[in-house]
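Student: below: sequence and its predicted model.
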Amino acid sequence: MHVVATAGHVDHGKSTLVRALTGMEPDRLEEERRRGLTIELGYAWTALPSGERLAFVDVPGHERFLATMLAGVGSAPAVMFVVAADEGWMPQSEEHLTAVEALGVRHGLLVVTRADLADPAPAMETARARLAAGGLAGVEALAVSGRTGQGLDELRGALDRLVAGLPAPDPEAPVRLWIDRAFSVHGSGTVVTGTLPEGRIAAGDELELPGGPVRVRALESLKEPLPAVTGVARVALNLRGRAVPERGQALVTPGAWTVTDLVDVRLSPVGADGRGAGPGGPGRGLDVPGGRGAAEGREGPGAPVDRLPARLTAHIGSAAVVCSVRPLGGRVVRLRLARPLPLHVGDVLLLRDPGRERGEVRVLAGASVLDVRPPSVSRRGAARERAAELAGAVPGAAALLRTHRLLRAGELRAMGCPPADEPVCGDWHADPEHWSRLVARLPEAVRRYAAGHPLEPGMPVEAARHALGLPDRRLVAALVRPPLSVADGRISGGRPALPAPVARAVARLGTELSARPFLAPEAGRLAELGLGPRELAAAVAAGALLRVADGIVLLPGADVRAARVLARLPQPFTVSQARQALGTSRRVAVPLLEHLDRRGLTERDGDHRRCRLPAPGTAPPNHRKSGQTSHSRTSPY
Ligand SMILES: Nc1nc2c(ncn2[C@@H]2O[C@H](COP(=O)(O)OP(=O)(O)OP(=O)(O)O)[C@@H](O)[C@H]2O)c(=O)[nH]1
Ligand SMILES: [Mg+2]
């Protein structure tokens, strides 16, 4: 299915054309029929000659209903721009064209109707000229009559060509359905309608409203009940949930949008000289925020947006929200919205001046959203820097990371910029430059911590997270590069230096242990040397001592030496035999053997153990004499 909105001055024949093309009545209200005036959006649909189905969103042309017109055009990918042959180009022709262009609509048809009342050529010429400068330049143009039917077959053919040329919407895209009608149906509850531009909605889906989650009970498209609908489509959803939907709200895929009331945007100025404003968003006929020189997109960040009112109304989809405007520099402004909206970077808001009288131009500019989570600009000079930073194209993931430094994949997606590169860890993405700076800062942080806490075996990861201002501990671990290493929740930088008194005590211990290397010092001796639990832990972390068990320390490598001694014993051996061979006490022998078991240097079997190191001088395992089990001397090395 395709969706096309109408546009054009009041009474120029939009609804008549829709009626003639579809056989359906777009003006549903009694008041509309009585006054011959469209007030609300109208919906009607038909099958084109190709068989493609086309739904129209018929908008009001009267200047009083501009907000409704914007809601209708807001989600439609194409317009049928209608001009009456007998009246020609009129103020709302101009205003609607400005809006359509500012919204970035690039597909459409120019239809000069009421051709039975006047020669369509002059109106056609003017209208073509007005369209030529902007995004609708070069669209197909036709002269028709909604009353006599003249030219309608050609119009159907042109509509077929139009929809065939529309970009294919992404069925996987996150859903954002701007509600254009919300009402209660007796027996079914709440129903909302809208134009689904892309993505897919199925019965049973959970979607998010400002008031909370809702579930789709059932859905229809063009009055036909369906299990699922893929955009572009007109849809009606029957909802279940506590939130009460209203026109102007959006139903969205949970977590897929950033719901924000603060955005940085770039204005595409609307040129009073009737000339477009360049590829980003041309406009015409109205005021020029940023001056006439702003046209053609040449303007840098230095030119001020000085004539913009401080309060405007921002339109997107069916939403119209009052916003305050803070110029940051050039065409970049910060908008504070009166209520939060689900937005992506790259969305286009339309800015209207609600203070202007009717008859004056009211649509001021299109505003491309550049950031949906803009940083604070309270520091002096920050606003200008920010404007300069946003001077380029609409940012992608890389540019957003330059501003935000670290973002989760889900956050990037919710900002409308799915990550292009690999995460630095888990689902975290980092600006490469920022990441390199962090990698460089970590060793310094670890060194400083070690200096302040000489007896601790390294910097706790949490302390490093705090020191570097990181949001997640996993990021700290991902920053560790040799010679740093992380173990047991601490980062150590190779071998930390021991404080001098501890180093001296350890040296004394070394001398004492040299004669009887397996007779670990008793608690009293350790205390005399000034080696309390903290000092011992520091010496162990520094690799100066080997911890066998609580309070039992030997010199580094003593365990392998012990295993070598034990390998010379007849296998298996008892604790007592081991104690004697090692020249130590039972106090040390038992925990030392358990330590060797843990390291796989010995293997326990009831009251006996076998050494798993080959005794010096014995043959390698595969040359072993028969009678020895291969198990007994299998070396782990
Ligand atoms: N003779 C003639 N009259 C037409 C034609 N198209 C529309 N009209 C008449 O023009 C008047 C306005 O037509 P609508 O279709 O309501 O115009 P509209 O553009 O929908 O008006 P709004 O929705 O209020 O902006 C009606 O009286 C129509 O009958 C046409 O092609 N020929
Ligand atoms: Mg109408």
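Tutor: Structure received. Ligands and ions are numbered 1, 2, ... in the order given.

Student: around ligand 2, which positions in the stretch 501-637 of the chain sit nearby?
Tutor: Nowhere does the stretch 501-637 of the chain come near ligand 2, counting by CB under 5 Å from the ion. In short, each C-beta sits where N, CA and C put it, glycine included.

Student: what residue in the stretch 501-637 of the chain comes nearest to ligand 2?
Tutor: Ligand 2 sits closest to A541 of the stretch 501-637 of the chain, with a gap of 81.0 Å, by CB to the ion.

Student: my guess is that residue contacts P457. True?
Tutor: Yes: taking contacts as CB atoms under 8 Å, A541 lies within contact range of P457: 3.2 Å.

Student: looking only at neighbour counts, state which of the two leads.
Tutor: Between A541 and P457, counted using other CB atoms under 10 Å, the more crowded position is A541 (21 against 18).

Student: check contacts around the residue of the stretch 501-637 of the chain closest to ligand 2.
Tutor: E456, P457, G458, S492, P496 (CB atoms under 8 Å, 6 or more residues apart in numbering).

Student: what about the helices in the stretch 51-200 of the chain?
Tutor: Along the stretch 51-200 of the chain, counting by DSSP state H, counting those that start in this stretch, helices occupy 66-74, 91-102, 120-132, 152-164.

Student: what's the neighbour count on the residue nearest to A228 when sequence neighbours are not counted?
Tutor: Among residues not flanking A228 along the chain, A202 sits closest, at 3.7 Å (CB to CB, 6 or more residues apart in numbering). Neighbours of A202 under the rule other CB under 10 Å: 12.

Student: so where does the residue nearest in space to the middle of the chain fall, helix or strand?
Tutor: Nearest to the geometric centre of the chain sits L412, at 1.9 Å (CA atoms, centre = their mean). L412 is part of helix 409-414 when elements are defined by DSSP states H and E.

Student: phi first, then psi, for whichever residue of the stretch 501-637 of the chain sits closest to ligand 1.
Tutor: Closest residue of the stretch 501-637 of the chain to ligand 1, CB to the nearest ligand atom: A541 (80.7 Å). With angles defined as degrees, to the nearest 10, A541 sits at phi -60, psi -30.

Student: report pLDDT for it.
Tutor: For A541, the pLDDT comes out at 77.

Student: what parts of the stretch 101-250 of the chain come near ligand 1?
Tutor: Selection of the stretch 101-250 of the chain residues close to ligand 1 by CB under 6 Å from any ligand atom yields T113, R114, D116, L117, S145, G146, R147.

Student: can you tell me how far the last one sits from T16?
Tutor: Which is R147. In this view, R147 and T16 are 7 Å apart by CB to CB, to the nearest Å.

Student: and what of the third one?
Tutor: Relative to T16, D116 is positioned 11 Å away (CB to CB).

Student: residue boundaries of the strands in the stretch 501-637 of the chain?
Tutor: Secondary structure of the stretch 501-637 of the chain, counting by DSSP state E, counting those that start in this stretch: strands at 546-549, 552-554, 602-605, 608-611.

Student: run through who's touching the third one.
Tutor: The set of residues that contact strand 602-605 without belonging to it, under CB under 8 Å, 6+ apart, is A563, L566, P572, L593, L596, D597, R609, R610, C611, R612.

Student: what about the residue nearest to the centre of the chain, distance to V377?
Tutor: 22 Å.

Student: which helices and strands does the helix holding L412 pack with?
Tutor: helix 397-404, strand 428-430 (3 or more CB pairs under 8 Å, 6 or more residues apart in numbering; DSSP states H and E).

Student: mind checking the pLDDT average for the shortest one?
Tutor: If I follow you right, that is strand 428-430. For strand 428-430, the mean pLDDT works out to 95.

Student: quick check: what element follows it along the chain?
Tutor: For strand 428-430, the succeeding helix or strand toward the C-terminus, using DSSP H and E, is helix 432-452.

Student: contact partners of the helix or strand just after that next one?
Tutor: Sequence order places strand 459-460 as the next helix or strand after helix 432-452, per DSSP H and E. Outside strand 459-460, the residues that touch it by CB under 8 Å, 6+ apart are A445, V446, Y449, A450, H453, G489, R490, I491, S492.

Student: strand partners of the helix or strand hosting the last one, parallel vs antiparallel please.
Tutor: So the one you mean is S492. Assigned by DSSP H and E, S492 belongs to strand 490-493. Strand 490-493 sits in its sheet next to strand 459-460 (antiparallel), strand 484-487 (antiparallel), going by DSSP bridges.

Student: buried deepest among these, which one?
Tutor: strand 459-460 (a mean of 22; mean count of other CB atoms under 10 Å).

Student: next SSE after that strand?
Tutor: Toward the C-terminus, strand 459-460 is succeeded by helix 461-468 as the next helix or strand (DSSP H and E).

Student: that next one: which residues count as buried?
Tutor: Applying a neighbour-count criterion of 16 or more other CB atoms under 10 Å, one finds V461, A463, A464, R465, A467 buried in helix 461-468.

Student: for the residues you listed, which one is nearest ligand 2?
Tutor: Relative to ligand 2, the closest of those is R465; by CB to the ion it sits at 61.1 Å.

Student: OK, contacts around that closest one?
Tutor: Contact analysis of R465 by CB under 8 Å, 6+ apart lists D472, R473, L475, V476.

Student: got it, and C425?
Tutor: Contact analysis of C425 by CB under 8 Å, 6+ apart lists R474, L475, A477, A478.

Student: so for the closest residue to ligand 1 within the stretch 401-550 of the chain, what's the pLDDT?
Tutor: Relative to ligand 1, the nearest point of the stretch 401-550 of the chain is G416 (33.9 Å; CB to the nearest ligand atom). Looking at G416, its pLDDT stands at 94.

Student: does it count as helix, strand or coil?
Tutor: Counting by DSSP: H, G, I helix; E, B strand; the rest coil, the backbone at G416 sits in coil.

Student: that one and T260, how far apart?
Tutor: The gap separating G416 from T260 is 11 Å, by CB to CB.

Student: have a look at those two and say which one is more surrounded.
Tutor: Set G416 next to T260 and count neighbours by other CB under 10 Å: G416 wins out with 22 against 19.

Student: now do the strands in the stretch 151-300 of the chain.
Tutor: 176-185, 189-196, 200-202, 206-209, 212-221, 224-226, 228-230, 233-240, 250-252, 258-269.

Student: related to what we said a few turns ago, dump the buried residues of helix 461-468 to a markdown table, plus distance to L152 and pLDDT.
Tutor: Below are those laid out as a markdown table (distance: CB to CB, whole Å; pLDDT from 0 to 100):
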| residue | distance to L152 | pLDDT |
| --- | --- | --- |
| V461 | 72 | 94 |
| A463 | 76 | 94 |
| A464 | 73 | 95 |
| R465 | 69 | 95 |
| A467 | 73 | 94 |
